[in-house]
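**Q** Okay, sequence plus prediction incoming.
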Amino acid sequence: MIGLEAVARRLELEGLYTDYVHCLDADELERWPDFFTEDCFYRVTSAENYEAGMPLGLIHATSRNMLKDRVSALREANIYEPQRYRHLVSSLKLLDDQGETLDLKANFLVVRTMQEGDMTLFAAGHYLDQVRREAGTWKFARKTVILDSRQIDTLLAIPI
Amino acid sequence: MIGLEAVARRLELEGLYTDYVHCLDADELERWPDFFTEDCFYRVTSAENYEAGMPLGLIHATSRNMLKDRVSALREANIYEPQRYRHLVSSLKLLDDQGETLDLKANFLVVRTMQEGDMTLFAAGHYLDQVRREAGTWKFARKTVILDSRQIDTLLAIPI
Amino acid sequence: MIGLEAVARRLELEGLYTDYVHCLDADELERWPDFFTEDCFYRVTSAENYEAGMPLGLIHATSRNMLKDRVSALREANIYEPQRYRHLVSSLKLLDDQGETLDLKANFLVVRTMQEGDMTLFAAGHYLDQVRREAGTWKFARKTVILDSRQIDTLLAIPI
């Protein structure tokens, strides 16, 4: 039977994804890099490219600083985008357990609502992540966002 | 590390949201007010209005009795609406813990299916709630339903 | 208060649904029958038919072998369907507890993404399931997939 420690860790991991999506949905992108380790790897790609082993993607970053740059670019582009995004996360699964480093998988759906009320399915897919324990919390050391679709309908790729 | 008591409470809170949405999705609206305290505050509003500090909304109630009246009005209006609603809830977060009173946040998505099979994204947004311990169970003392869209496509605003 | 054993079981049950949808979303249908007992009952039906007590459905199977036949038929039909499916599961509820046999309910949403990127709400509804403890794991002894819509847009009904 699973012990209390494993249960507690499970809740911590669910909490990580919860905080992550609330950060994005509240458009608090400046806090978004804090969910990652300094040497993180972050990629948004399509399932098709992922399965074909194609290395690049819509977004590709190999450090937390690159994520910060990404946010700056998004803010400076200052594209008038009055939409809101809402993430639904489901079916979080622990794939591999190396103690302080864990591999995880989860499904996600992102719904976009335009200011006039039009709602669309913006993105669906799954996360393939590696989290690492740092200073008492879990951070994403690797996050691969694998979209079911080939591309997403946006001018400038946003974090997912 | 989180203790067993906190884990148990977490499951209770998840259970509250689970029961709440199953009640709505089964169209058992007569049971809906029972999820609230007698002096509850319930509001459905848009993110735009919420952020602007606008007090009113699509639905606004300041007691459980007002919720009961709402259900009666919905039943008496007897609008032939053969649709079904399905709630998905995700990313429940404890915002503030005062023991017997807790502040919570969660994302939701509501899908509407018309009798002929047409499915639409009906509502997406987040709950900002306060729950209170009463007679061994958690009740909503405050529930603010914040829609990502300005309005929802319905003749008579229904509970979300 | 809920004990550690009940918490552990809760996580096991969530894990069952998690593994189930990842199997389907990864199109690993050959593993799908393994989630069921040998004498299982599996049905996909509409809410309308379910409520009217109509026995049949889009898919109807009374053993694990019939599920295997179903998968073979799907593979042999070899319909060129370049779409991907993504399941979101929410609000898992324990309805009845008989120790080694449990009745459960959960909401689901399935999003379909076509190769060209077009995304649609494929199915929404709820599961009404019975799980049974077998050789240290939980298996579906009964799974009733109740769609909010009358039918689903597909040439050959797929597992949900």
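**A** Perfect, I can see it now.

**Q** Look through chain A and tell me its longest helix.
**A** The residue-count maximum for a helix in chain A (DSSP state H) belongs to helix A:4-25.

**Q** so where do the strands sit in chain A?
**A** Listed in chain order, the strands of chain A (DSSP state E) span residues A:36-46, A:59-61, A:84-97, A:101-113, A:119-134, A:137-147.

**Q** about what we covered before: between strand B:119-134 and the longest helix of chain A, find me the angle.
**A** Orientation note: helix A:4-25 sits at an angle of 130 degrees relative to strand B:119-134 (axes from the mean of the first three to the mean of the last three C-alpha atoms, to 10 degrees).

**Q** looking only at pLDDT, what's the mean for helix A:4-25?
**A** What helix A:4-25 shows for mean pLDDT is 96.

**Q** Taking their axis directions, that helix and strand B:84-97 sit at what angle?
**A** With the same axes, to 10 degrees as the basis, helix A:4-25 and strand B:84-97 are set at 110 degrees to each other.

**Q** And helix A:4-25, what does it pack against?
**A** Here helix A:4-25 touches strand A:84-97, strand A:101-113, strand A:137-147, helix B:4-25, strand B:84-97, strand B:101-113, helix C:4-25, going by 3 or more C-beta pairs under 8 Å, 6 or more residues apart in numbering or on different chains; DSSP states H and E. Every residue, glycine included, has its C-beta placed from N, CA and C.

**Q** Make CSV out of those and add distance to residue B:64 and mean neighbour count.
**A** Shown next, in CSV, are those (distance: least, C-beta to C-beta, whole Å; neighbours: other C-beta atoms under 10 Å in any protein chain shown):
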stretch, distance to residue B:64, mean neighbour count
strand A:84-97, 29, 19
strand A:101-113, 30, 21
strand A:137-147, 40, 21
helix B:4-25, 14, 18
strand B:84-97, 21, 19
strand B:101-113, 17, 21
helix C:4-25, 30, 18
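
**Q** any chance of these in TSV, plus distance to residue A:27?
**A** Conversion of the helices and strands packed on helix A:4-25 to TSV gives the following (distance: least, C-beta to C-beta, whole Å):
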stretch	distance to residue A:27
strand A:84-97	8
strand A:101-113	12
strand A:137-147	18
helix B:4-25	24
strand B:84-97	16
strand B:101-113	14
helix C:4-25	28
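
**Q** Could you report the separation of residue A:138 from residue A:14?
**A** Residue A:138 sits 11 Å away from residue A:14, going by C-beta to C-beta, to the nearest Å.

**Q** What's the per-residue pLDDT of the residue nearest the centre of chain A here?
**A** Of all residues in chain A, the one closest to the mean position by C-alpha atoms, centre = their mean is residue A:160, 4.6 Å from it. As predicted, residue A:160 sits at a pLDDT of 95.

**Q** cool, and residue A:135?
**A** Residue A:135 is assigned a predicted lDDT (pLDDT) of 91.

**Q** go on, residue A:128?
**A** pLDDT recorded at residue A:128 is 98.

**Q** That one pairs with what?
**A** Each beta-bridge partner of residue A:128 is listed here, defined by DSSP bridges: residue A:105, residue A:144.

**Q** so it touches residue A:107, yeah?
**A** No - proximity of residue A:128 to residue A:107 does not meet the contact threshold set by C-beta atoms under 8 Å, at 11.1 Å.

**Q** what does chain A have sitting close to chain C?
**A** With C-beta under 8 Å from any C-beta of the partner chain as the criterion, chain A comes near chain C at residues A:1-4, A:7, A:10, A:47-48, A:88, A:90-93, A:105, A:107, A:109, A:120-121, A:124-126, A:148-151, A:153.

**Q** How much space separates the nearest residue to the residue nearest to the centre of chain A once chain neighbours are set aside from residue A:158?
**A** Beyond its immediate neighbours in the sequence, the residue positioned closest to residue A:160 (C-beta to C-beta, 6 or more residues apart in numbering or on different chains) is residue A:145, lying 4.8 Å away. As defined by C-beta to C-beta, residue A:145 lies at a distance of 11 Å from residue A:158.

**Q** and if you look at residue A:63?
**A** Noted for residue A:63: a distance of 19 Å to residue A:158, by C-beta to C-beta.

**Q** Repeat that for residue A:93.
**A** Shown here: residue A:93 relative to residue A:158, a distance of 25 Å by C-beta to C-beta.

**Q** Residue A:101 against residue A:130, yeah?
**A** Yes - here residue A:101 lies in contact with residue A:130, judged by C-beta under 8 Å, at a distance of 6.3 Å.

**Q** shared neighbours, the two?
**A** Residues touching both residue A:101 and residue A:130 (C-beta atoms under 8 Å, 6 or more residues apart in numbering or on different chains) are residue A:141.

**Q** what residues does chain A put near chain B?
**A** The interface of chain A toward chain B, taken as C-beta under 8 Å from any C-beta, is made up of A:4-5, A:7-8, A:11-12, A:15, A:17-19, A:21-22, A:25, A:84, A:86-90, A:109, A:111, A:113, A:115-117, A:119-121.

**Q** So for residue A:63 and residue A:158, which residue has more residues nearby?
**A** residue A:158 (23 against 16; other C-beta atoms under 10 Å in any protein chain shown).

**Q** Near the closest residue to that one other than its chain neighbours, how many residues? Count them for me, please.
**A** Beyond its immediate neighbours in the sequence, the residue positioned closest to residue A:158 (C-beta to C-beta, 6+ apart) is residue A:74, lying 6.6 Å away. A count of nearby residues for residue A:74, using other C-beta under 10 Å, gives 18.

**Q** so how far is residue A:157 from residue A:74?
**A** Summarising the geometry, the distance separating residue A:74 from residue A:157, computed by C-beta to C-beta, is 9 Å.

**Q** Can you report how many residues neighbour the closest residue to residue A:100 other than its chain neighbours?
**A** Counting by C-beta to C-beta, 6+ apart, residue A:100 lies nearest to residue A:133, which is 4.3 Å off, once chain neighbours are set aside. A count of nearby residues for residue A:133, using other C-beta under 10 Å, gives 15.

**Q** Likewise for the one 3 residues further on?
**A** When neighbours are defined as other C-beta under 10 Å, residue A:136 has 6 of them.

**Q** same thing with residue A:36?
**A** Residue A:36 is surrounded by 25 other residues when neighbours are defined as other C-beta under 10 Å.

**Q** doesn't residue A:67 make contact with it?
**A** Yes - taking C-beta under 8 Å as the definition, residue A:36 is a contact partner of residue A:67 at 6.1 Å.

**Q** which residues do those two both contact?
**A** Residues touching both residue A:36 and residue A:67 by C-beta under 8 Å, 6+ apart: residue A:42.

**Q** residue contacts, residue A:84?
**A** Shown in contact with residue A:84 (C-beta under 8 Å, 6+ apart): A:25, A:27, A:112-113, B:47, B:148.

**Q** beta partners of it?
**A** Here residue A:84, judged by DSSP bridges, has bridge partners residue A:113.

**Q** For residue A:111, see how far away it is.
**A** Distance of residue A:84 to residue A:111, computed by C-beta to C-beta: 9 Å.

**Q** All set, thanks.
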